[in-house]
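Chemist: Build me a structure from this.
(chains A, B, C and D)
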2 protein chains.
Amino acid sequence: MTVTTDDRPDLAAMLLWLTRALIDAEEPVLAANDLTMWAYSVLTALATGPTRTQAALARAIRADKTRIIPVLDDLQERGLIERQPDPADRRVRLLAITPAGRRAFARTRAGIRAGEERVLALLPAADRRAFLRTLRALSDVDDVAAIAQPRSTG
Amino acid sequence: MTVTTDDRPDLAAMLLWLTRALIDAEEPVLAANDLTMWAYSVLTALATGPTRTQAALARAIRADKTRIIPVLDDLQERGLIERQPDPADRRVRLLAITPAGRRAFARTRAGIRAGEERVLALLPAADRRAFLRTLRALSDVDDVAAIAQPRSTG
DNA sequence: TATTGTTATACTCTATAACTATA
DNA sequence: TATAGTTATAGAGTATAACAATA
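Modeler: A predicted model of the protein is given here:
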């Protein structure tokens, strides 16, 4: 035989179902902290990364630049982030998370991580470590989509 | 310290990015075979599972029952599936994949698996095996969302 | 000429409600 | 009274185009 047909669902299908289930499970946690998934995504990027401008933020969280504007408006109104004009480039608005924003982020992430722990607890410790390590490696890959294309090394 | 804050992105975030990249990569394969993601999903269920009715199919692929009707119409018109009234229950229409549908499915899945192989090839063989095994275990879990909820064991 | 941020709009996707025909 | 399948519609989510300000 020329092709090995593993008797398993497609990789993307398995990933999609698992991801959807986790995101569904996180919804109540986000709601309890008055955050949408996008708002949490923004706080995460500002709390953990060097993001400064809105364009950089949009790239960091893989969102359209127009997508996040209402989100930023809301977070700013609630005092969770700050937006200040950049004196060096007056087109740009510099973003920063506030102490209140950092607290909201920490609280929310703790809830989300707790839910993830309950799922990961289904796995033997060694499997769990290996899974997280490999998943992290794959999600660190620059352009998975390009690698999946034929002749991507042209 | 009471809580271990792993220095990593949230599980769901890593999964979501990886999944999106894979699905993006599969789009050209699906297009080359004149199938949407939902159509491929339907063919997969009918080719690999015991699905018989539309309601069962909708449950199997986690879609709303109204969601798949235009998809079934199209697949039937193209001769890739058959829909026949069930003599035992005249409300029901029994679904079946045709030989042509089976060929289209096999061809498409081969293309999708090839793309997945290129991504999985980034991993050491042992990591790859462990990742697939664990992912399969997690995606086989009945209700991940319920497990992620606090007090789910009531 | 290109980029940042913004608004408005159009488009896609999905769920909801309402219906029929059967059970 | 409940279920399978269908249709039409409304809602949410997203991207696109066009704009003003600045580089």
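Chemist: Spatially central residue for chain A, please.
Modeler: residue A:41 (5.5 Å; Cα atoms, centre = their mean).
Chemist: and the host helix or strand of that residue, anywhere near chain B?
Modeler: For residue A:41, the enclosing helix or strand under DSSP states H and E is helix A:37-48. Yes - under the criterion of Cβ under 8 Å from any Cβ of the partner chain, chain B is reached by helix A:37-48 at A:41, A:44. Any C-beta I mention is one placed from the backbone N, CA and C, and that applies to glycine too.
Chemist: Point to the helix or strand of chain A where mean pLDDT is at its lowest.
Modeler: helix A:144-148 (a mean of 88; mean pLDDT, DSSP states H and E).
Chemist: Contacts made by the lengthiest strand in chain A with the rest, please.
Modeler: Once chain A is assigned using DSSP state E, the strand that runs over the most residues is strand A:89-97. Applying Cβ atoms under 8 Å, 6 or more residues apart in numbering or on different chains, the set of residues contacting strand A:89-97 from outside is A:43, A:46-47, A:51-54, A:57, A:72, A:80-86, A:105.
Chemist: 6 Å instead?
Modeler: By Cβ atoms under 6 Å, 6 or more residues apart in numbering or on different chains, the list of residues contacting strand A:89-97 from outside reads A:46, A:47, A:52, A:53, A:81, A:82, A:83, A:84, A:86.
Chemist: count of neighbours near the closest residue to the last one other than its chain neighbours?
Modeler: In other words, residue A:86. Once flanking residues are discounted, residue A:86 sits nearest to residue A:92: 4.0 Å by Cβ to Cβ, 6 or more residues apart in numbering or on different chains. When neighbours are defined as other Cβ atoms under 10 Å in any protein chain shown, residue A:92 has 16 of them.
Chemist: any idea how far residue A:92 is from residue A:55?
Modeler: To residue A:55, residue A:92 is 8 Å away according to Cβ to Cβ, to the nearest Å.
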